[in-house]
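J.: sequence and predicted structure below; questions after.
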Amino acid sequence: PGLFPAITDEGVFINDAPVVDTDGFAANGVFHALDGVLLPPALVDAGTCAEPVRLDGPGQVRGATDGAARDGSEASCGGGAASPDAAFIWTPAEDVTVCLSTVGSDYDTVLHVRAGAAADGICQDPAAEVACDDDIGGGVFQSELTLEATGGTDYVFFVDGFGGNNTGNFLFTVSAGPCP
């Protein structure tokens with residue numbers, strides 16, 4: 001299970017636990033909320049379109065796009081999103097709606113999704129793009145989109161940066177259901 005931060009009118013929550021105090025300066029990277037310890041999401045390498053990181057389903061991963069490849073999988077939004085990116089592949093077993101989010105990342109992100117696998121030529125095929133989002137809005141420069149996924153179809157998710165030179169540390173969340 002992943003960590004799912006949320007900011008609501010009632011406050012800040014991680015999963016269902018309200019955050020009452022933060023320990024964001026913990027040298028060991030462990031975040032403390034209430035009386036429990038929550039470990040950070042898995043740290044992953046930035047995959048490429050040709051060799052994306054396999055996701056098993058909803059959850060969270062974190063990583064960095066500094067030094068990652070520019071694989072030419074430009075997006076229809078976000079100034080083309082030609083920055084170095086991280087690529088993930090997921091194949092749902094059945095039709096499902098998921099929310100993809102980069103909230104918690106430390107740079108101006110763009111999310112774009114292509115249907116199919118690299119072997120199908122999707123990396124250089126703009127027509128393979130099925131969704132793209134740049135900025136949630138309201139001054140938030142991270143991205144979020146709802147995807148209606150078809151069971152048995154490969155989806156390549158790209159955590160990218162606006163334009164050609166935005167990179168940084170990302171938090172990528174795939175959660176069941178539509179985005180709020």
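T.: Sure, I can see it. Numbers count the residues shown, from 1 in each chain.
J.: contacts only, for the closest residue to Asp85 other than its chain neighbours.
T.: Distances taken as C-beta to C-beta, 6 or more residues apart in numbering place Asp160 nearest to Asp85, at 4.0 Å, with adjacent residues excluded. Yep, even glycine has a C-beta here, placed from its N, CA and C like the rest. For Asp160, the contact set (C-beta atoms under 8 Å, 6 or more residues apart in numbering) comprises Thr65, Ala75, Gly78, Ala81, Ser83, Asp85, Thr109, Val110, Leu111, His112.
J.: ok, the third one to Asn166 distance?
T.: Spatial separation of Gly78 from Asn166 under the definition C-beta to C-beta, to the nearest Å is 9 Å.
J.: name the residue in those two with the higher neighbour count.
T.: In terms of neighbours (other C-beta atoms under 10 Å), Gly78 is the more surrounded of Gly78 and Asn166; the figures are 24 against 20.
J.: I'd say the more buried one and Cys132 touch.
T.: Yes: under the criterion of C-beta atoms under 8 Å, Gly78 makes contact with Cys132 at 7.1 Å.
J.: report the set of residues contacting both of those two.
T.: Listed contacts common to Gly78 and Cys132 are Val110, His112; contacts here mean C-beta under 8 Å, 6+ apart.
J.: what residues sit buried inside the helix or strand where Ser175 lies?
T.: Element membership for Ser175, per DSSP states H and E: strand 169-176. Along strand 169-176, the positions that meet the burial threshold by neighbour count (16 or more other C-beta atoms under 10 Å) are Phe170, Leu171, Phe172, Thr173, Val174, Ser175.
J.: good, wrapping up.
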